[in-house]
Structure formats: C-alpha cells, structure tokens
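**Student:** Predicted coordinates and the sequence they were generated for:
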Amino acid sequence: MSSDVLPEPGTGLSLTRRAALKGLKELFWTVNFYPYVLSRDDPVILAAIDYQNVYIYQVTDKEECGLQCLHVFKQPQHTAKTTAETKNSWMNCSTWCYTDDQEPLLAIAGESGHVSIYHAMTGRLVHTLVGHSNGTVNDLSTHPKYPWIIASASLDHSIRVWDLRRADKPALSTCVAICGHNTGHVAGLVTIDWHHSGRYIVSGGYDHRVCVWTLPDFAPMSEFWYEISKEGRKRSRDEVRVIHYPHFATSAIHGDYVDNVIFLGDLIISRAAAENKIVLWSITGFHSAKEPPPEITTVKGQEHLETKNGFRRRTDLRIDDDFTRADNDYASPEVYRRCLELSNPDSSSIYWRYSVRKPSKLFPDVRPILTVGNHLSQIRHWDIQALIEGHDGSGLGARKPAQNKALARQKKKGIAEPIRKMNRTNTKRAGSDTSHQALSNDISREASAELLTHQAADSGTDSPAQGSDYSEAKERNRVKYPLHGTGKELPAHKQSNEASDMKFFTSRAIDWSVCGQWCVAVGEMPVQGEPQGGIILYSVKTV
C-alpha cells in the first residue's frame, strides 16, 4: 500500500505554491503535463493553452518561480465557419501524442473545427486534421495504449478517431472511426475520455447526456486495420468505421450541460454546469475485463427512456432461421448506480476540467486523488483510495485499544461495513425520475475490487485487493470515507485557499504530473475589473 496518504480531511496533503503567473492577456482553458516520461529524471514539461497561444513550460527548482517558459507559439489562421474572413480562431482543448517517442506532438483544437498537430518543442505545424463538419471541437483525448491515436469531440454531435501515422499518406484516411451524428447525442459534445483498455469512450454534452461508445481494437496487428484497408473493405466508404449507436446513454445523472466526464477504472466521474457537485457512478453490467459487447446490443430508439443500457443485454442466435435477438441479461431493473456525490460549491459555470492523480508503471506508489477548482481561488481534493478502502492508509498495523472501542461502537450503531454484497431487495431503483440522491447503502464488492484491480493494472503493480492491507478494509471507517450513498454530498478531504494576490481566481483546468509531485491550475481572474489569464503551480508533499 502506498505510504502517500491523507490521514485526516483537511490535513496530510501539503501543497506549496511554487509559481503564480497572473495578468496574462488571454484566458486559459486547458493545461496538460507531458505524460510520456521515460525515466524518473526526465524534466517535467507542461503545455498551457489560452485563446490564441500555446505556452510550453518546464518545472524548475528555482525558489522565486517554479516555471520556466521554453517557448510560445501561435496557431495559424483559419477561415471562420460563420464568415468568409480569415482570422485567428480561439483554442480551448489539447492533448499530448506522438508517432515517434523522441518527438513529442501536441494536438490543439477549438473554434475552427480543425485539429492542429504541432511539434511541441519547435512549434512547427505538422498536420491539420479536417473532418468535423460544423462547429467547435471542445475536447481531445489520446488513446491510453497507442499515443498516435487521438479522439476529438465536436459541436457537430460526433466523435472522430484519428490515426496520426496516416497523416503523411494521402491515399489513406487519417480519420479511422466516427461515433454518432445524432445517434447518441442530440446536441453538441463538450467532453470525452478513453477507458484504460482503449475499447471504450465516454462522452458528455449539451443535451445533458452521458454516452459510452464501444470502439474497435486499434492494436497494430488487429483485424480492424485489414477491414478498413483497400484489400479488406467491401466499399470505399468502409475506409472509416462508423459507430452509429452507443452501448449506454443516460440523461438521468445530470440536469444540465455535462462538461467533464472521465473513467476511473470501470467507474465514471462526471459533473454538469450549475450543479456544484461531482458524481461518482457505475453502469450495471459494464465489466471491461470481459469481451466488448456485440454491435447488436447497442441502444437504438426508445427515446422515451432516460437511461438505455446495452451492457445489460445478451444475444441469442438461432441458427435454423438465422435470427439474432438481443435480450436483457439482468433481472434487476437497475441500469446504473450512483455511488457518491462530491460537493464543490462555487463552480456553477460551464467548462471545468478536474484531474485525477494516478499511479503508473514508472510511479506505482502515487496515491489516487481527485482535484478540482472553483470561482473563489479554492482547490479541493478527495482521496480516492481512502474512499475505496474505507481508511486513510495510516496505522495499517495493530490498532490501539481506543480504536477498537470506537470500531465496536460503530458496529453497534449499524454503520455499513465497506465491503459487502448489496441487498437488491432493499435498494431503490436507480435511474428513476425522482432520484437525485444515492440509491444504495453500500457499493458492491465487485465495484470496489474492480477499481483497485484496474489501478494496479495501470500502474503495473499487484492488485491491492490481493494484499493483507485490503483484507483489513472491512474494519475501516465508512463514515469518514464512504463509498456508498449517504444521502448528502461529501465535502472535500482537503481544500487549498489561494493568497489575496490571486483572489477570485477561476481554475478552468487542473492537471497532475505523472510523478504526482506537481499540480497545475489555469484559468482567469479579475485584474482592475478586466478578466486576465493566470497559472498556479503547486509542489505536493505528504506530511
């Protein structure tokens, strides 16, 4: 178990401000640390994007300022969609990628609807990906296994998946897959994220919906590449795989624009404008360890339903009459499970980007922490691992007698133990029209174990679920660290308040470095009555 812990809400995590850049002309919308570090000694690089400029910074050990600007470059001019003018359209999203691990690339997009690929260290424009027919590209995400594959989410209601290796080959389409076009989302998309397996994408948009799409296997030797090749495809249009319907779609989780959604293992973390909270939830029947479901089980029609779940369905094939039918595979009416709601006041406007500090193969001891900002210069943190395990990670050895007495009192009061098979007969139906609170008294054993297993798989370490520390989780404190519905929103375990010189700083985007020692927030703040851009860098320690 990691020793990197949050012993008590409000203590244990020490954030020291190492840089505060303010008074910048343009407002910042996104920031990304370079994720593809090859050794612990590699420099820590980040890219911050404002309306017009790309800033490449290196984190330094200097006391006066922890950020050194390596260079700044502007995007090229594009023709505006609404007029015949040529202008510098604004940018709002970016993601790191590469085709050669010695030449980092930065994909940037925004108002123009184009995805621009830059050589990050020189600022040279390498490729321009054109395909989104109408509207801004609001989010970009890189495949977790193949950094040359990226996905873009647009106001044209679609997701496009691009293979950068094909960009230099005019005879091949750089776009290899399209999800949607009014057959999933019925309004523009705002946010997307890849599942760690690379076989699913989750999306959210202006229609208040969250959708999960099943993607082909993009492994270099998979059958997918032959199927879209000139030799393997039946028609020329089959060069691009079109995924018409998602396997899951719901508008029951949120009642406003869904502007940030990410996978956490097989769980989903999402938020919507005007709600001032973040929701942690799961999809019934979604298990990434299983083979992806067939296309026939995607959700079609049934627009009267708030939630449509194709992961709950199975297929029956009658060989005699060549008839294929999809049926529900679960007796329970539950289609999703709302696990927790995290309180984040003063964050009611649209377009926020939170971040989860995650372990990796190079840094397996990094403790998962969810971090988000608000309008009032506050950065909030939730210890994800503590929520799963039911304890803060401290004192995993013998407990003191006072701790045993307190634990006994908790059991007498009927406080739920952390790992327990759920009693379906006593739970309310998830996804009902009136359900805005948590719908169960405990999360299932499978969900907790799965999340720990996926974290271990991502980091290249053994699953904590197999260790002695995890076996003691049954005796931990689920009042302080719940992973079940409590009927109220859970406040942050730690809150960082900025100094007066950064008062009313709105952190639009936050990101964690791969090593877990640096956290950066970008956004805007009022300076003499005018909004101006700002960047805050924190060094992170545990005490």
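**Tutor:** Here it is on my side, so go on. Since the structure is predicted, the reported quantities are computational estimates derived from the model, not experimental observations. Numbering: from 1, shown residues only.

**Student:** quick one: pLDDT of K25?
**Tutor:** On the pLDDT scale, K25 is placed at 77.

**Student:** again with the one 3 residues further on
**Tutor:** The predicted local confidence for F28 comes out at a pLDDT of 92.

**Student:** Mind listing the residues bridging to it?
**Tutor:** D50 (DSSP bridges).

**Student:** V240 against C179, yeah?
**Tutor:** No - look at V240 against C179 with C-beta atoms under 8 Å: they stay out of range, at 11.1 Å. (Each C-beta comes from the backbone N, C-alpha and C, glycine too.)

**Student:** In terms of neighbours, single out the busier of these two.
**Tutor:** C179 (28 against 17; other C-beta atoms under 10 Å).

**Student:** helices and strands around the one helix or strand that one maps to, which ones?
**Tutor:** Using DSSP states H and E, C179 falls within strand 175-180. Where contact means 3 or more C-beta pairs under 8 Å, 6 or more residues apart in numbering; DSSP states H and E, strand 175-180 is packed against strand 158-163, strand 210-214, strand 241-243.

**Student:** what is the orientation angle of it with strand 210-214?
**Tutor:** 140 degrees (axes from the mean of the first three to the mean of the last three C-alpha atoms, to 10 degrees).

**Student:** List of residues touching strand 175-180?
**Tutor:** When contacts are defined by C-beta atoms under 8 Å, 6 or more residues apart in numbering, strand 175-180 is touched by residues 129, 131, 149, 157-163, 166, 189, 201, 203, 211, 213, 215-216, 218, 228, 240-244, 246.

**Student:** Just the C-alphas of stretch 258-270, formatted as PDB.
**Tutor:** Presented in PDB, the C-alpha positions along stretch 258-270 are these (Å, rounded to 0.1, in the frame of the first residue of the first chain):
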ATOM      1  CA  VAL A 258     -22.300  17.800 -18.900                       C
ATOM      2  CA  ASP A 259     -18.900  19.500 -19.300                       C
ATOM      3  CA  ASN A 260     -16.500  17.000 -17.800                       C
ATOM      4  CA  VAL A 261     -16.600  13.200 -17.700                       C
ATOM      5  CA  ILE A 262     -13.800  10.700 -17.100                       C
ATOM      6  CA  PHE A 263     -13.300   6.900 -16.400                       C
ATOM      7  CA  LEU A 264     -11.900   5.800 -13.100                       C
ATOM      8  CA  GLY A 265     -11.400   2.100 -13.600                       C
ATOM      9  CA  ASP A 266     -14.900   0.900 -14.600                       C
ATOM     10  CA  LEU A 267     -16.500   3.700 -12.700                       C
ATOM     11  CA  ILE A 268     -17.300   7.200 -14.100                       C
ATOM     12  CA  ILE A 269     -16.700  10.600 -12.600                       C
ATOM     13  CA  SER A 270     -18.900  13.400 -14.200                       C
END
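
**Student:** which SSE is the residue nearest the centre of the chain in?
**Tutor:** Central residue of the chain (C-alpha atoms, centre = their mean): I262, 2.4 Å from the mean position. Here I262 sits within strand 258-264, counting by DSSP H and E.

**Student:** Partner strands of that strand, with direction?
**Tutor:** strand 267-272 (antiparallel).

**Student:** After the strand it pairs with, which helix or strand is next? Please name it.
**Tutor:** Next element after strand 267-272 (DSSP H and E): strand 277-283.

**Student:** By mean pLDDT, point me to the weakest helix or strand of this structure.
**Tutor:** Using mean pLDDT, DSSP states H and E, helix 468-471 stands out as the lowest-scoring helix or strand of the chain, at a mean of 36.

**Student:** Now name the helix or strand holding the closest residue to S496 other than its chain neighbours.
**Tutor:** Nearest non-adjacent residue to S496, counting by C-beta to C-beta, 6 or more residues apart in numbering: I379, 4.2 Å away. If you go by DSSP H and E, I379 is part of strand 378-383.

**Student:** Now do that strand: distance to the chain's middle.
**Tutor:** With C-alpha atoms, centre = their mean, to the nearest Å as the basis, strand 378-383 stands 16 Å off its chain's centre.

**Student:** and the angle for that strand with strand 267-272?
**Tutor:** 160 degrees.

**Student:** Relative to strand 378-383, what are the paired strands and their orientations?
**Tutor:** For strand 378-383, pairing defined by DSSP bridges yields strand 369-373 (antiparallel), strand 494-497 (antiparallel).

**Student:** that older thread, contacts for the strand holding I262, please.
**Tutor:** 190-196, 200, 202-205, 208-210, 268-273, 280, 350-354, 356, 368, 384, 451.

**Student:** Please spell out the PyMOL selection for the buried subset of these.
**Tutor:** Command for PyMOL that selects the buried part of the contacts of strand 258-264, burial taken from 16 or more other C-beta atoms under 10 Å:
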select buried, resi 190+191+192+193+194+195+196+200+202+203+204+205+208+209+210+268+269+270+271+272+273+280+351+352+353+354+356+368+384+451
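
**Student:** in the stretch 251-400 of the chain, which spans are helices?
**Tutor:** Assignment of helices within the stretch 251-400 of the chain using DSSP state H, counting those that start in this stretch yields the ranges 384-389.

**Student:** hang on, the earlier thing: can you say which of the helices and strands packed on strand 175-180 is nearest to S513?
**Tutor:** Closest approach to S513 among the helices and strands packed on strand 175-180 is made by strand 158-163 (26.0 Å; C-beta to C-beta).

**Student:** just checking, what packs against that closest one?
**Tutor:** strand 149-154, strand 175-180, strand 189-194.

**Student:** Give me the average confidence score over the first one.
**Tutor:** Model confidence over strand 149-154 averages 96 on the pLDDT scale.

**Student:** Give the partner strands of it in its sheet and their orientations.
**Tutor:** Going by DSSP bridges, the partners of strand 149-154 are strand 137-142 (antiparallel), strand 158-163 (antiparallel).

**Student:** any idea of the angle it forms with strand 189-194?
**Tutor:** 160 degrees.

**Student:** Any buried residues in strand 149-154, and which?
**Tutor:** Buried-residue list, strand 149-154, by 16+ other C-beta under 10 Å: 149-154.
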